[in-house]
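Trainee: Turn this into a structure:
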Amino acid sequence: MQPQTRVPDEARPPDPSAVKANGLAAGTSRLRPIALVAAVALLAAVVAGGVSLAVLQLQSRTNPQSVNLRSGVTISEDSAIVQAATRAKPAVVSVVTQLEPSVSAGSGYLATSDGYIVTNVQVIAHSRTLTVLVLGDSKPHEARLVDYDCQTGVAVIKIDQVSGLPTLAFADPTSLVQGQVVVAVAGPLNGSSVARGIVSALHRPVTVTDPVATDQSLEIGDTIQTDAVIDSGTAGGPLINVGGQVIGVAMAAQGSSGGFGLNTADIQDDVQQILAGGQLVVASLGATSTVLTEQAAALLGTPAGSRVLAVDKTGPAATAGLQAGDVITQVDDVTVDSAHPLPLLLRSRFHANQRVTVSYSRGNTSTQVQLTLVGVHPTC
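Mentor: Now for the predicted structure:
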């Protein structure tokens with residue numbers, strides 16, 4: 001409260017101009033505390049906003065996510081990525097292919113210390129020769145194709161007269177989740193470049209150019225979508241988690257800044273069978289099919305599953321009465337869906353000469369039939 005000044009009774013009438021001046025002064029005096037409070041409040045808001053922004057920026061620099069890799073050991077996510085990439089690089093190779101009339105290059109990774117290499121079938125398609133470059137080894141290695149699977153998109157090649165090479169192992173396929181960090185590593189011809197991203201989506205069917213007939217296409221179901229930048233030089237190389245384990249094999253995306261990966265859950269059995277026996281044999285119904293997602297099925301008014309595109313006239317599907325247009329929803333007690341497309345499900349859960357019960361939908365009718373799976377070599 002401002003002090004009040006006592007005015008004597010005998011004082012002369014004040015000068016009007018003085019009254020005006022004193023009034024303005026008094027008004028100004030009364031406004032000063034209000035203005036001061038407002039200024040302090042504004043300053044507090046600005047400082048608070050600045051401090052909040054500074055804290056957020058500081059946190060973004062100094063408080064990265066932490067990853068518990070094993071009991072009692074917790075390290076930062078950034079540190080884990082650097083360590084994982086450093087461990088992976090020596091096992092990642094460049095695969096140089098001589099095409100007609102040019103030379104191209106992709107990547108792959110060593111699955112065994114004696115030279116078996118996992119890559120993407122797109123990397124080696126139509127190649128006349130295969131040459132592998134190993135990090136730290138100035139000698140180019142001639143490679144040969146062991147086997148491949150167009151349905152999963154994986155290929156295994158081999159370089160000979162080598163031993164003691166560094167390798168990469170598969171991650172647990174059940175541990176893969178949307179949003180987790182993924183690292184794409186390229187071979188030495190691309191400077192062993194590293195691209196960091198996240199798993200954007202799972203179980204994505206992708207249409208690619210047929211490796212045998214370039215005027216045709218085929219579908220690879222259940223791929224991993226990532227925002228990590230994957231170019232043609234990185235394609236075929238590993239997608240690893242922060243533990244340095246392989247969760248997929250990189251695929252370049254057409255018309256996209258990101259890319260896709262062949263899912264470990266689908267290629268692991270293929271690779272192990274090729275490494276064990278040198279040739280891939282998979283269970284088959286004798287039919288080709290395409291993924292029918294829940295969203296697409298809802299629009300068509302059918303169940304989700306795998307829609308039959310064509311049947312082999314002499315195969316078990318035709319013998320059991322299956323037709324093009326039928327939607328296969330289950331094999332034995334295993335549901336067929338976007339996460340388990342029919343061709344990949346048959347590879348991972350069933351084997352040739354196995355008797356199974358197939359549930360399918362035709363129109364508004366659901367039916368079950370029994371048939372015996374056959375063993376075939378996957379063709380493009």
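Trainee: and the gap between Q216 and Y116?
Mentor: 29 Å (CB to CB, to the nearest Å). For every residue, glycine as well, the C-beta is placed using N, CA and C.
Trainee: Who has more neighbours out of those two?
Mentor: With neighbours defined as other CB atoms under 10 Å, Q216 and Y116 compare such that Y116 has more, 19 against 10.
Trainee: close enough to count as contact, G115 and T167?
Mentor: No: judged on CB atoms under 8 Å, G115 makes no contact with T167 at a distance of 10.1 Å.
Trainee: out of these two, which sits in the busier spot?
Mentor: Counted by other CB under 10 Å, G115 and T167 do not tie: G115 has more neighbours, with 20 against 15.
Trainee: and the longest strand seen in the chain, what's its mean pLDDT?
Mentor: When the chain is parsed with DSSP state E, its longest strand is strand 194-209. Regarding strand 194-209, the rounded mean pLDDT is 91.
Trainee: Walk me through which strands that strand pairs with, and which way each runs.
Mentor: In its sheet, strand 194-209 lies beside strand 181-185 (antiparallel), strand 217-226 (antiparallel), with partners assigned from DSSP bridges.
Trainee: Please tell me the pLDDT value assigned to S107.
Mentor: The score at S107 is 98. That number is its pLDDT.
Trainee: Tell me the secondary structure at it.
Mentor: Three-state assignment for S107 (DSSP: H, G, I helix; E, B strand; the rest coil): strand.
Trainee: tally of neighbours for it?
Mentor: If you count neighbours by other CB under 10 Å, S107 ends up with 32.
Trainee: now do the one 3 residues further on
Mentor: L110: 23 surrounding residues under other CB under 10 Å.
Trainee: Quick check: it vs G179, distance?
Mentor: If you go by CB to CB, the gap between L110 and G179 works out to 29 Å.
Trainee: Next: H351.
Mentor: H351 sits 34 Å away from G179 when distances are taken as CB to CB.
Trainee: what's the nearest residue to P341 if we skip its chain neighbours?
Mentor: By the measure of CB to CB, 6 or more residues apart in numbering, the closest residue to P341 outside its immediate chain neighbours is G221, 3.5 Å from it.
Trainee: The helix or strand D270 falls within - contacts with which helices or strands?
Mentor: Secondary structure here is read from DSSP states H and E; on that basis D270 sits in helix 264-277. Using 3 or more CB pairs under 8 Å, 6 or more residues apart in numbering; DSSP states H and E as the contact criterion, the neighbours of helix 264-277 among helices and strands are strand 116-120, strand 141-149, strand 154-159, strand 217-226, strand 246-252, helix 342-349.
Trainee: Can I get these in CSV including distance to S76?
Mentor: Listed next are the helices and strands packed on helix 264-277 as CSV, based on distance: least, CB to CB, whole Å:
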stretch, distance to S76
strand 116-120, 30
strand 141-149, 37
strand 154-159, 33
strand 217-226, 21
strand 246-252, 20
helix 342-349, 35
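Trainee: hang on, the earlier thing: can you tell me which of the strands paired with strand 194-209 the model trusts least?
Mentor: Mean pLDDT is lowest for strand 217-226 among the strands paired with strand 194-209, at a mean of 88.
Trainee: Quick check: buried residues in it?
Mentor: Applying a neighbour-count criterion of 16 or more other CB atoms under 10 Å, one finds 218-226 buried in strand 217-226.
Trainee: With I247 as the reference, measure out to the closest residue to L202 other than its chain neighbours.
Mentor: Using CB to CB, 6+ apart and skipping the chain neighbours, the partner closest in space to L202 is Q178 (5.6 Å). When distances are taken as CB to CB, Q178 and I247 turn out to be 12 Å apart.
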